[in-house]
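Participant: how would this look folded up:
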Amino acid sequence: MAVSVDFGWYPEPLDGGVGPVTLATLPDLGKAVSGVRDGPGVEGDWVYAPLARTHIMGHGIVERAFPSRVFGLPMTYRLSHAATDGREHLDFLVWGLSFFVGMRLTTTEAGFLDAAAIKPRKLVDFVLSPRETMKALGLAEAFWQANKFAPLRARRWIAALHALYIAQAPQALQFERFLYLYGALDACFALAKDFHPLPRGGVRHHSRVRWLCDLFKIPVPAWAEDTAGASPVSVIRNATVHESLFMDAPLGFAVHGVGTNQNLPLEMQALACRLLVALLGDPGTDYVRSRVDTRQMHRWLPP
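Facilitator: Below is the predicted model of the structure:
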């Protein structure tokens, strides 16, 4: 018997299926889409958390001056599985779908933090056609089936994706983005070493990003080079975490790349996307092996 879970919010056609997994539009999709896009809190490609509301005895509901941070959006689709292993299985598939469409999707009533992208492909640098999206969903299903007796692997993949997404919140300062993205790369390293043996003697912390790039044949970005005994990105991380200094200033008082063409957070985002694709089960695709120092969108062709 098929088990289903509803999720949202997504504004484009998404019906289809692969193997035991099917996706179907919930009623009133148009109303749910316009209700968000034409509603309060929308600016550009984002919808922001509404103002906090508090019920005060005898005074009704009072809106506060600060946002509630955690908020919900309408459910727009239903995912069904003919032979699910449980709710965590379904949630993992929705997280995978969230990655494939480049928007945060959730099965919970309040699954968004601070702001949510309302434009597909906003949070990734690859493009999938509807047919390719279903093939990628099959890749996520195969990952679950291969690793369901080691559930920490799926949780680590989700953790890396979630860190990648919250790093891109419009209100985030650069040091906050950096820390979230560094966490995403660390989560990818933790998952990768589950599947691939480390070299004798292990991998030093400052060499983790380079090891991941070498493992999946990704061109190593300059900030991950560790030939001097440390990588630039690890030096920034150590000062930020251990000394509360980002670019030699208190957190939030300076940014990386001023006066240069460098965009460290953008390149870290691009690398995280490639690693998530590789770790899900498609390490040989041209997308994974493409450079990260570009703003262009790429085509990913799942197997």
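
Participant: after the helix or strand encompassing residue 159 comes which helix or strand?
Facilitator: Using DSSP states H and E, residue 159 falls within helix 151-166. Next in sequence after helix 151-166, counting helices and strands by DSSP H and E, comes helix 174-195.

Participant: which residues does the helix or strand just after that next one contact?
Facilitator: Using DSSP H and E, the helix or strand that follows helix 174-195 towards the C-terminus is helix 208-216. For helix 208-216, the external contacting residues (C-beta atoms under 8 Å, 6 or more residues apart in numbering) are 185-186, 188-189, 192, 196, 198-199, 203, 218-221, 224-226, 231, 233-234, 271, 274-275, 278, 283, 288-289. The way it works is simple: take the backbone N, C-alpha and C, and place the C-beta from them, glycine included.

Participant: which parts of helix 208-216 are buried?
Facilitator: The neighbour-count check on helix 208-216 (16 or more other C-beta atoms under 10 Å) flags 208, 209, 210, 211, 212, 213, 215, 216 as buried.

Participant: go on, stretch 167-184?
Facilitator: 167-169, 172, 174-184.

Participant: where does this protein have low pLDDT?
Facilitator: The chain contains residues with pLDDT under 70 at 1, 53-65.

Participant: would you point out which residue is most central in it?
Facilitator: In the chain, the centroid-proximal residue (C-alpha atoms, centre = their mean) is residue 161; its distance is 3.0 Å.

Participant: and that residue, how far from residue 19?
Facilitator: Residue 161 is 22 Å from residue 19, where distance means C-beta to C-beta, to the nearest Å.

Participant: ok, residue 74 next?
Facilitator: Residue 74 is 28 Å from residue 19, by C-beta to C-beta.

Participant: which residues in this protein form helices?
Facilitator: 29-37, 87-101, 130-147, 151-166, 174-195, 208-216, 232-243, 264-280 (DSSP state H).

Participant: for residue 69, find the nearest of those.
Facilitator: helix 151-166 (11.3 Å; C-beta to C-beta).

Participant: list the contacts of the closest one.
Facilitator: 88, 92, 95, 98-99, 104, 113-114, 123, 143-144, 147-148, 172, 180-181, 183-185, 187-188, 190-191, 194, 269, 272-273, 275-276, 279-280.

Participant: which positions in stretch 111-119 come out as buried?
Facilitator: Within stretch 111-119, judged by 16+ other C-beta under 10 Å, the buried ones are 111, 112, 114, 115, 116, 117, 118.

Participant: contacting residues for the last one?
Facilitator: By C-beta under 8 Å, 6+ apart, residue 118 lies in contact with 9, 11, 36, 37, 42, 45, 46, 47, 103.

Participant: before we move on, what about the fourth one?
Facilitator: Contact analysis of residue 115 by C-beta under 8 Å, 6+ apart lists 46, 47, 48, 49, 169, 170, 171.

Participant: could you give the bridge partners of the second one?
Facilitator: It stands for residue 47. Beta-bridge partners for residue 47, by DSSP bridges, are residue 42, residue 116.

Participant: residue contacts, it?
Facilitator: Counted by C-beta under 8 Å, 6+ apart, residue 47 has contacts 36, 39, 41, 73, 115, 116, 118.
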